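> model this:
(2 chains)
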Amino acid sequence: MAQMLLSPFNLNRSSMTLPTPPPSPSRERLVCVGNGLVGHRAIRDLLSRAPERFDVTIFGEEPHDCYDRIRLSAVLSGELALTDLSVANRAWYQSRRIELRTGVRITRIDRTRKTVTDDEGRVTPYDHLLLCTGSSARILAIPGVELNGVVTFRNLHDVDSMIQASQGSNRRAIVIGGGLLGLEAAAGLRKRGMDVTVLQLPHQLMERQLDGDAAELLRRFFVKLGAAVRLNAETTAIVGDETGVRAVRLSTGEELPADLVVMAVGIVPRIELAKSAGLLCGSGIIVNDRLRTSDPSISALGECAEHRGHVYGLVAPLYEMARVWAEEIVRPYSVGYAGTEASARLKVGGVDVFSAGQIEPGPATEVVTFRDTARGHCKTLLVDGNRLRGAILYGNATDGAWYARMIRERMDIADLRDVLIHGQAFADAMRKDSTVVSVPLSDEAEICGCNGVCKKEIVQAIWTHRLTSLAEIRHQTKASASCGSCTKLVEQILVETRGKEAKTTSKAPPVCHCTELSHDEVRTAVPEQNLKTIAAVMQALEWKTPDGCHVCRPALNYYLLCAWPTEYEDHTPSRVVNERLHANIQRDGTYSVVPRMWGGLTSPDELRAIAYVAEKFAVPTVKITGGQRIDLLGVRKEDLPAVWSDLGRAGFVSGHAYGKAVRTVKTCVGSEWCRFGTQDSTAMGIAIEKACWGAWTPHKVKMAVSGCPRNCAESGVKDFGVVAVESGWELYVGGNGGTKVRVADLLCKVTTADEVLEHTMAFMQFYRENARYLERTSTWVDRVGLDAIRNKIVDDPAGRQSLARKFQASQEVAQVDPWAQISSAESEDDVSSYSTTTGSKIRQHLPVITGSPSEGAGP
Amino acid sequence: MTDKFDDENEDDEYEDEEQELEPPPLPRFRVARKEDIPIQRACILRCREVTVALFRTHDGHLFALEDRCPHQGGPLSEGIVHGHRVTCPLHNWVIDLPTGEAQAPDRGSVRTFAVEVVDDEVVITLPSEPLGIIAPQVAPTA
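Predicted structure coming up:
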């Protein structure tokens, strides 16, 4: 009995030509026709939701695995290799038990039997059929289109033909069509050295995305690339013979010689297969909001599908369709596709172009434009009453998403209108924080520009992982984790999503996810509870992790160092690499070394020593830094000790250009040389640097001393800046010339050099004791207020002196040159036979144990 | 597709799950005594094909990973070691030491190598004989 039941079953299976893997009878059979980006994305989205439910078979007409068609133009221009386009390799399909058949075309759908037939005559049954047949290039109905050398721009084969045609000298290409594809082909072929002419029937380029102004800039850009652009050019024939194309004939009768003709005049949805199966078709295969065709067992997605009268060509709506389809299949009727109002952010031959909404002004439309022809920037906004209707950006598309959201949500722009054209950053700066609260956010609104996180992702993360705090959201999504400018928005989303459960920052945020305590709470606890090691802090304050993380450990190390300057032993494993190696790690893993030059002064001897080191260690780059020092870039890690030792012998100490420490005191030449100088700013700078160098600080500290109010040393953008005037010295604090430029505040004016030094040291110590780790003086001054600092440093002489004395005491321990220390540690050579201190010596022969690792070995 | 859109290179995961034939077992090398590797630090082993970072965590576990962050190739051996993780010194990617996986929201992974301790000596499975071992720089004592 069992035999009889089994055998027909096996026979059926073997006749079904499903080589790998054997389908499971319990799974539903899903067949996808089309192995392009959309088909791939749909299957990926589906299997990530229901990995075990389907046996999937994908048919691809092209002989390749799925590749990124959008980036074909980069292959044509030579920026990418073919292999860079790969989206999924065979292993991807195998691991998901997907059967992939490439180079095979489906010729017939039998809806009654629920099978598809391929061009090799094989029949494959389906429970559900997905059509992602995409589109093909439109071919003009003119004579000569069949000639050799006439190509379209759709697939790898086309690109290959174009690249071949471009080889040789004086090769001429004619591109018919001045839309995105045509222009990309033109730019690519131009890069490959061909003589290129673009023929465009309308009176401007990219008439579907751009207005006349932007199109004109684009035309000029292409002319600059060396391509000819002919507008209002109607092609009537392609001329040639059996050897191939020879010329293109225009309606004017003119003939333009050509060795290659690229036909880029639009696309046509591929619906023949669907049509022959009797599925309802318009210009595409008609689908409903569930993305099902007129046969509910058959879905269609992508460029071949027509939804509510729209056939989409941009990738964003297509991916959106794929996602909705997958969700809908897994949880029927849970979601529906409602169409996507597409905005297009394009890169045409290297130029950023963006358009959303209306392009042509209507009768009631007001047009706001911004043009900078020389820089090739232009913006056009179409405004209708208090609504933004359309936006076209050329040259800089940064604000695209911002405008797109206003258009899509029909937001009231009345109080934004004055600044609208200048973009989001400007508008936000004008309106401070009120914008973010007043603007309702859509799901697709991009919240974090640094990490490309939109609102929906944040909301999903909040629900999926039950997040209640900003720190958790940062950890899960990276939103607001980089520059932090969107922190308020992210918090707002958190409150909207979780209501009362949201933990907002009425309380200072915790140091990191290892603790609930804030920086201030931790650092107060250190002296209060007499905590003297990182381990003791973690234990006493109930750290949630056994040994912290890369965020809290360096902070704790600093707080302990600051609280117990004479007792605390620096914890090397809690130092970031730069502070450990006293050099600055570079992107390639080499290091930069900056010797200290007091006040920016140097001498022939010092320069000789630096030159000697640079030559001896083949230092690839020697550069003057912004802080008036010399930077030796590209030093190999193993050379660092010898570099230090050579520099040390010449009398240099470390410039601390790598640390959260006193970096440099920049000076001008002052009264010694300058005819405007009022005081000896150079000597003052040297005195300050000698007093302050070696101090570890919450963040880097940059200083400057200028000899007169012309301020050549730029004291106004330094953490601590001194400006000499006739009657004494002005002291400035909290300046910053970096990420967020902040002009320093005048702290006070003093008369003598000793007063300058005392105020400097007191300020340093107050900053060290009061600021949070990684808080620059600029943000610190803003947070605690200038008055709080004046109270301590200016108004309370006894307090100032006490701070200065504390600073001096800690400096006695801190002012030990790390280079000298390392060099001497090196000479002791107290290390084991297996290792060396720095790797200058490498043990040659290591014992070999043969055989494979024992079972269960390793961690 | 006729046009491009801003999220064209959105998370198109490229999953590299090569399923090749079972490779011959790699040789094992005795490379160091356990205590040669300072706690929360890493030694570097240079082989011809690969540079390997050998980590010792706070609880004494040993892990060996290729010394190359999947993000931009930063030297993981110079990262801060915390728990069973290391943070790349270049851009703070956090890599799980046992699996070599980058922690969310970053994605990527780095090759791992089996480590065992035999008679207090560290034995690693490596593609070829290491040319040498480099211990981390010893901290200068104040």
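
> so where is chain A shaky, pLDDT-wise?
A:1-25, A:342, A:429-441, A:450, A:482-485, A:504-507, A:821-859 (pLDDT under 70).

> how many other residues sit next to A:T83?
9 (other CB atoms under 10 Å in any protein chain shown). Using the backbone N, CA and C atoms, a C-beta is placed for each residue, glycine as well.

> now A:R101, what's its secondary structure?
Of the three states, A:R101 takes strand under DSSP: H, G, I helix; E, B strand; the rest coil.

> right, and it touches A:F59 too?
Yes. A:R101 is within contact range of A:F59, at 5.3 Å (criterion: CB atoms under 8 Å).

> joint contacts of these two?
Each of A:D118 lies in contact with both A:R101 and A:F59 under the rule CB atoms under 8 Å, 6 or more residues apart in numbering or on different chains.

> neighbour-wise, which of those two wins?
A:F59 (24 against 19).

> the more buried one - that's part of a helix, no?
No. Looking at A:F59 with three-state DSSP, it is strand, so not inside a helix.

> mind listing the residues bridging to it?
Bridge pairing for A:F59 (DSSP bridges) gives the partners A:V33, A:R101.

> next one: A:F221 from A:A661, what distance?
47 Å (CB to CB, to the nearest Å).

> burial count for the closest residue to chain B within the stretch 101-250 of chain A?
Distances between the stretch 101-250 of chain A and chain B by CB to the nearest CB are smallest at A:L180, namely 5.4 Å. Neighbour count of A:L180, defined by other CB under 10 Å: 24.

> from memory it sits against A:K347, does it?
No. Using CB under 8 Å, A:L180 makes no contact with A:K347, being 9.3 Å away.

> re the thing from before, distance check, the residue of the stretch 101-250 of chain A closest to chain B against A:A186.
Per CB to CB, A:L180 is found 11 Å from A:A186.

> next one: the lowest-mean-pLDDT helix or strand in chain B to chain centre, how far?
When each helix and strand of chain B is scored by mean pLDDT, DSSP states H and E, strand B:132-134 comes last, with a mean of 80. Chain-centre distance of strand B:132-134: 15 Å, with CA atoms, centre = their mean, to the nearest Å.

> over to stretch A:112-125?
45 Å.

> which residues are contacting that stretch?
Against stretch A:112-125 from outside (CB under 8 Å, 6+ apart): A:16-18, A:29, A:31, A:33, A:57, A:59, A:101, A:104-110, A:126-127, A:129, A:297.

> just the buried members of these?
Buried members of these, counted by 16 or more other CB atoms under 10 Å in any protein chain shown: A:L18, A:R29, A:V31, A:V33, A:T57, A:F59, A:R101, A:V104, A:I106, A:I109, A:Y126, A:L129.

> and the strands in the stretch 651-800 of chain A?
Taking DSSP state E, counting those that start in this stretch as the criterion, the stretch 651-800 of chain A contains strands spanning A:662-667, A:701-706, A:720-725, A:728-733, A:745-750.

> actually chain B, not the one I typed
In chain B, the strands defined using DSSP state E lie at B:28-33, B:41-46, B:51-56, B:62-66, B:80-82, B:85-87, B:94-96, B:112-113, B:115-118, B:121-125, B:132-134.

> near chain B, which residues of the stretch 551-700 of chain A are found?
A:553-554, A:569-570, A:572-574, A:576-578, A:580-581, A:585, A:587, A:589, A:638 (CB under 8 Å from any CB of the partner chain).

> if any of those residues are buried, give me the PyMOL selection for them.
Written as a PyMOL command, the selection of buried residues from those, which uses 16+ other CB under 10 Å, is:
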select buried, chain A and resi 553+554+570+572+573+574+576+577+578+580+581+585+589
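
> ok, and what's touching stretch A:563-580?
A:523, A:526-527, A:532-534, A:548, A:550, A:553-554, A:556-557, A:560-561, A:584-585, A:658-661, A:809-810, A:813-814, B:38-41, B:75, B:78-81, B:89, B:137, B:139, B:141-142.

> mind checking the end-to-end distance for it?
20 Å (CA to CA, to the nearest Å).

> run through the bridge partners of the residue nearest the centre of chain B.
Most central in chain B under CA atoms, centre = their mean is B:L65, positioned 2.2 Å from the mean C-alpha point. Beta bridges link B:L65 to B:A53, B:T112 when assigned by DSSP bridges.

> hmm, B:L76 and it touching each other?
Yes. Here B:L65 lies in contact with B:L76, judged by CB under 8 Å, at a distance of 6.2 Å.

> between these two, what contacts are shared?
B:A53, B:V86, B:I95, B:V110.

> beyond the strand or helix carrying A:V56, next helix or strand please.
Under the criterion of DSSP states H and E, A:V56 resides in strand A:54-60. Counting by DSSP H and E, the next helix or strand C-terminal to strand A:54-60 is helix A:72-76.

> let me know the helix or strand that A:L217 is in.
Element membership of A:L217 [criterion: DSSP H and E] is helix A:212-225.

> out of the residues of the stretch 551-700 of chain A next to chain B, which sit inside strands?
Using DSSP E, those in strands are A:I585.

> for chain B, give me its nearest residue in the stretch 51-200 of chain A.
Closest point on the stretch 51-200 of chain A to chain B, by CB to the nearest CB, is A:A91, at 4.2 Å.

> measure that residue to A:A50 for me?
21 Å.

> same thing with B:P130?
46 Å.

> more neighbours: these two, which one.
B:P130 (24 against 13).

> from memory the more buried one sits against B:R46, does it?
Yes. Between B:P130 and B:R46 a contact is recorded at 6.2 Å, counting by CB under 8 Å.

> what residues are shared contacts of these two?
Here B:P130 and B:R46 share the contacting residues B:V52, scored by CB under 8 Å, 6+ apart.

> what's the farthest-apart pair in the buried ones among the contacts of stretch A:112-125?
The two members of these with the most space between them (CB to CB) are A:L18 and A:I109, at 18.2 Å.
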